[in-house]
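A.B. asks: Fold the following and give me the result.
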Amino acid sequence: METQGKDKPNGGTHRAMNAQMLGKLCVVAVLMFGFGYALVPIYKQICELTGVNVLTPKDAKVESASNTQVDTSRTIVVEFDANAQGPWRFRPTVASMKVHPGEMAQVVYEVVNTQSRSIDAQAIPSYAPQQASAHFKKLECFCFKQQTLGPNEAKQMPVVFYIDPALPKDVKTITLSYTFFEVGGAGKKAG
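C.D. replies: The predicted structure follows:
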């Protein structure tokens, strides 16, 4: 019984030491979080004072600067065409637009599934003149992946693009044409 009496004071001492250690670890964790949280504004201040902050300049002239890769001396007319090979209506929202080489532009195509069943479809682009295809750069396009249209569903699908400034100078008009066709046959029944 004497050994039990000796263990209780040691057990109490260990608990007190563990609680003290836990308290110290919690303080260290809070200080580390606070230091990490304060590091961002401190870093921003140091960058602004030393002039290192070139990614987010506060100079209004720099913010309003235009893209220097845009060739404003040339204008290309881009015509849009749509061919439907299936049970839907498919068309661009505009027939054409004028863009400068290097300038980002967006056009929207609309498609309406006229069936009471789901349809999987894919769009394939083509370009005229053929030499323009290497210079027509799409960043976002519904043609990148297969589209699923629900029964009687209508979708607006954007195409974000630019014309490479290396386009030959004699090309003044480019036609972007899409053929939208059903993939997988009869489709899925609505259900």
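A.B. asks: in its sheet, what does the lengthiest strand in the chain sit against?
C.D. replies: If you go by DSSP state E, the chain has its longest strand at strand 117-128. Using DSSP bridges, strand 117-128 pairs in its sheet with strand 147-149 (antiparallel), strand 173-182 (antiparallel), strand 188-189 (antiparallel).
A.B. asks: Distance to residue 123 and mean neighbour count for those - can I get that in CSV?
C.D. replies: Where C-beta positions appear, they are placed from N, C-alpha and C, glycine not excepted. Converted to CSV, the strands paired with strand 117-128 look like this (distance: least, Cβ to Cβ, whole Å; neighbours: other Cβ atoms under 10 Å):
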stretch, distance to residue 123, mean neighbour count
strand 147-149, 7, 19
strand 173-182, 5, 19
strand 188-189, 19, 11
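A.B. asks: mind listing what the residue positioned nearest the centre of the chain touches?
C.D. replies: Among the residues of the chain, the one closest to the centroid is residue 140, at 8.4 Å (Cα atoms, centre = their mean). Taking Cβ atoms under 8 Å, 6 or more residues apart in numbering as the criterion, residue 140 is in contact with 158-160.
A.B. asks: Next one, pLDDT for residue 14 please.
C.D. replies: Confidence at residue 14, expressed as pLDDT, is 86.
A.B. asks: Who wins on neighbours among the contacts of residue 140?
C.D. replies: residue 159 (22 neighbours; other Cβ atoms under 10 Å).
A.B. asks: picking up where we left off before, which outside residues touch the longest strand of the chain?
C.D. replies: Counting by Cβ under 8 Å, 6+ apart, 86-88, 109, 111, 113, 133, 136, 138, 141-143, 146-151, 174-184, 186-190 sit against strand 117-128.
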